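Q: Quick one: sequence plus predicted model below, questions after.
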Amino acid sequence: MTVVSDVVVPARAPFSATLQAGQVMRIIDLESQQAVDALFYNAYDTTERYSAQDTLAAEAAAGRKFHLGLGSVLLSNELRPMLTIVADTCGFHDTSAGACSCESNTVRFGHETRFMHSCRENFLAELGKYGMGKRDLVSNVNFFMNVPIRPNGELTVDDGVSKPGGYVDLRAEMDVLVLISNCPQVNNPCNGFNPTPIRIIISE
Ligand SMILES: [Zn+2]
């Protein structure tokens, strides 16, 4: 494989790139326990975008768990494969818990957290570069985020299980616009209470 892009995304920062079909994006959790929130759109028609609901329905039909891992196929709202997880050292990537926002911070952690930086703000800033906005914020993937589902259906954010240098590889099955928020959350354990940089390598 030939590296076409190799970027370190600072703690709390957004990132975006367009993947061509067949290219592989590696997301590296450099220091461990860093949640990486991601949105995916068809690069030529952004009304086609990642669908957590359809992806999880297909995972369940295949007898898989309620989270993403090696072999998972990320489906669009038109039920077409967008990306496939082709390598994974973590084994647990959430796509149920959504992205943090000042609104959810207020509800979960108290009104004084309202003005803390959030993934939703990262996404809105990055979406603006592509002529998109609030209405284009849809369900996302949280790479490296540990969200076990209890037998009673409850969902909690637990300590991350990814190790320093852990990575996940995604192969693009179509030309895909990728938006990433290197999560700035410090009020729950999704980032080990200490947001850290990630590295993103795109190869072909
Ligand atoms: Zn976040």
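A: That came through, no problem. Quantities reported herein were computed from a predicted structural model and do not represent experimental measurements.
Q: Touching, V178 and S16? I think so.
A: Yes - contact criterion Cβ atoms under 8 Å: V178 and S16 qualify, at 6.2 Å. Where C-beta positions appear, they are placed from N, C-alpha and C, glycine not excepted.
Q: how about the least confident helix or strand in the chain by mean pLDDT as PDB, C-alpha atoms only?
A: Here the helix or strand of the chain ranked lowest by mean pLDDT, DSSP states H and E is helix 102-109, holding a mean of 90. Extracted in PDB, the C-alpha atoms of helix 102-109 (Å, rounded to 0.1, in the frame of the first residue of the first chain):
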ATOM      1  CA  CYS A 102     -23.500  21.200  24.800                       C
ATOM      2  CA  GLU A 103     -27.100  20.200  25.100                       C
ATOM      3  CA  SER A 104     -26.400  16.600  26.300                       C
ATOM      4  CA  ASN A 105     -23.600  17.900  28.500                       C
ATOM      5  CA  THR A 106     -26.100  20.100  30.300                       C
ATOM      6  CA  VAL A 107     -28.600  17.200  30.800                       C
ATOM      7  CA  ARG A 108     -26.000  14.700  31.900                       C
ATOM      8  CA  PHE A 109     -23.400  16.600  33.800                       C
END
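Q: Name the residues that touch the helix or strand just after it?
A: Using DSSP states H and E, the next helix or strand after helix 102-109 towards the C-terminus is helix 119-128. Outside helix 119-128, the residues that touch it by Cβ atoms under 8 Å, 6 or more residues apart in numbering are 12-16, 37, 39, 99-103, 133-134, 136-137, 140, 179-185.
Q: and those, which are buried?
A: For the contacts of helix 119-128, a burial check counting by 16 or more other Cβ atoms under 10 Å picks out 12-16, 37, 39, 99-101, 136-137, 140, 179-185.
Q: Filter the contacts of helix 119-128 down to just the ones in helices.
A: Among these, the members found in helices (DSSP state H) are C102, E103.
Q: of the contacts of helix 119-128, list those near the ion.
A: By Cβ under 5 Å from the ion, the members of the contacts of helix 119-128 lying near the ion are C100, C183, Q185.
Q: Is D6 in a helix, a strand, or coil?
A: What DSSP: H, G, I helix; E, B strand; the rest coil gives for D6 is strand.
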